[in-house]
Every structure is written in structure tokens, then in C-alpha cells.
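Participant: 3D, please:
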Amino acid sequence: MKKMSVLLTLVLISSLIFAQSERNTPLLAQATTEAESPAPTFSLKNLAGETVNLSDFQGKVVYIDFWASWCGPCRYEMSFSHALQEEFTGNEDVVFMYISLDENEAKWKKAADDLGLKGIILHAPGKEDQVGSDYDIKFIPRYVIIGKDGTLIENQAARPSQKSEAVKQIRKALDRKA
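Facilitator: Residues are numbered from 1 along each chain as shown. Next comes the predicted model:
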């Protein structure tokens, strides 16, 4: 009986490890939207209900934060995001964009207000939205850097909590020829 119990425990543990690795595989896989390719375009609504297009920011470096109100790690990164933005205060060539994947518009708006978000705050309802699909969003938070010429420079950009690396990536994007 004891051998059977040990065997059952080993099978259960192996199954859990396999299930965990299967679940994480898409999360850890490289996104299919390749760096150094044209960034997928989009048109999304901001908090005021106005349509904002990615092309509105041609000639600027765009740091995009894909997030949601219900995402604990996303909310955790927001305080670091404020500090990252401060690093570029006065630099008109850098835009900080927050694209919420919330299904519920009211929750998105409340979270944006509660978190004191500053920058371009947009809504793409759910990971299944075209933007989520085009940027191959399988997990959040996710950060992307788009160059002045509309090229996707960093498909898996540093998080705001990795401030020195994020600053380095944004500065590198600023230094590129448009």
C-alpha cells in the first residue's frame, strides 16, 4: 500500500510539473511579432472616447505597456512606470502609452484613475482584441518599444521596475535614425 501511495504521489507531481510547463510554454515563447519589423498599426479609444492611432506618434519613440486592472503584477509595475516617465520629463520625442486589455471599460477607467496614469491611456477590450492578437499578447504585463520610424524595436522590452535597462532601451531607440 505504501508503494502504491508513493507511486501515486510521483505520478501526481509529474502531472503537475508537466501541466505547469505546458501552461507556461506560450508565456515564455518569443512573440511572433518580430523586432525590427513594422509595428502593427492600431486605432483605439482613449479615456475621453477619442480615437487614437499609433501613426499619430510617427517621429516619436513609443513605450507601450499592455496591462489590465485585475493584473497584480501590472499594477505593481505602475509605480515604477511613473519613475521611468520622470526620467524623460521634457523630452517630447518619447511617448508613454498604456493599453488596457480589460474587458470591462468601467474597470479600466477606474483603474487608470486610481493608479494616476499619465500619458496616452487606451483601451483594447481583451487579449482577443485585434491589438492583442497583432502584438501576440499571451501574458501581461508586456512592454514594447516602437521607434520613430514605426519599427518595432523591442518586442519584449524591459519592465519599468528594471529602470536602468528600460532607460537604456529607450535612449537607444531615441538615438536611432528615423
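Participant: Nearest the geometric middle of the protein, what residue?
Facilitator: Arg142 (2.4 Å; C-alpha atoms, centre = their mean).
Participant: Could you verify my assumption that it touches Phe66?
Facilitator: Yes. With contact defined as C-beta atoms under 8 Å, Arg142 reaches Phe66; the gap is 4.3 Å. (Each C-beta comes from the backbone N, C-alpha and C, glycine too.)
Participant: between these two, what contacts are shared?
Facilitator: Listed contacts common to Arg142 and Phe66 are Tyr135; contacts here mean C-beta atoms under 8 Å, 6 or more residues apart in numbering.
Participant: picking that back up, tell me the pLDDT of the residue nearest to the centre of the chain.
Facilitator: According to the prediction, Arg142 has pLDDT 96.
Participant: tell me the contacts of it?
Facilitator: By C-beta under 8 Å, 6+ apart, the contact list for Arg142 reads Asp65, Phe66, Tyr135, Gln156.
Participant: so how far is Pro40 from the last one?
Facilitator: Spelled out, it's Gln156. Using C-beta to C-beta, to the nearest Å, Gln156 is found at 15 Å from Pro40.
Participant: Show the subsequent helix or strand relative to the helix or strand of the chain with the lowest mean pLDDT.
Facilitator: When the helices and strands of the chain are compared on mean pLDDT, DSSP states H and E, helix 2-28 comes out lowest with a mean of 38. Note on helix 2-28: by DSSP states H and E, the next helix or strand toward the C-terminus is strand 37-38.
Participant: Name the strands paired with that next one and say parallel or antiparallel.
Facilitator: Sheet pairing of strand 37-38 (DSSP bridges) gives strand 151-154 (antiparallel).
Participant: and the next element down the chain from the strand it pairs with?
Facilitator: Defined by DSSP H and E, the subsequent element after strand 151-154 is helix 163-175.
Participant: Next, count neighbours for the closest residue to Leu174 other than its chain neighbours.
Facilitator: If the residues on either side of it in the chain are set aside, Leu174 comes closest to Val61, at 5.5 Å by C-beta to C-beta, 6 or more residues apart in numbering. Applying other C-beta atoms under 10 Å, we find 25 residues neighbouring Val61.
Participant: contacting residues around Val61?
Facilitator: Asp93, Val94, Val95, Ile145, Ile146, Gly147, Lys148, Ile170, Ala173, Leu174 are the contacts of Val61 under C-beta under 8 Å, 6+ apart.
Participant: does Ile121 really touch Leu47, like I thought?
Facilitator: Yes. Judged on C-beta under 8 Å, Ile121 makes contact with Leu47 at a distance of 5.4 Å.
Participant: Mind telling me what element Val62 is part of?
Facilitator: Following DSSP H and E, one finds Val62 within strand 61-67.
Participant: next one: phi and psi at Asp134?
Facilitator: Main-chain torsions, Asp134, degrees, to the nearest 10: phi -60, psi -40.
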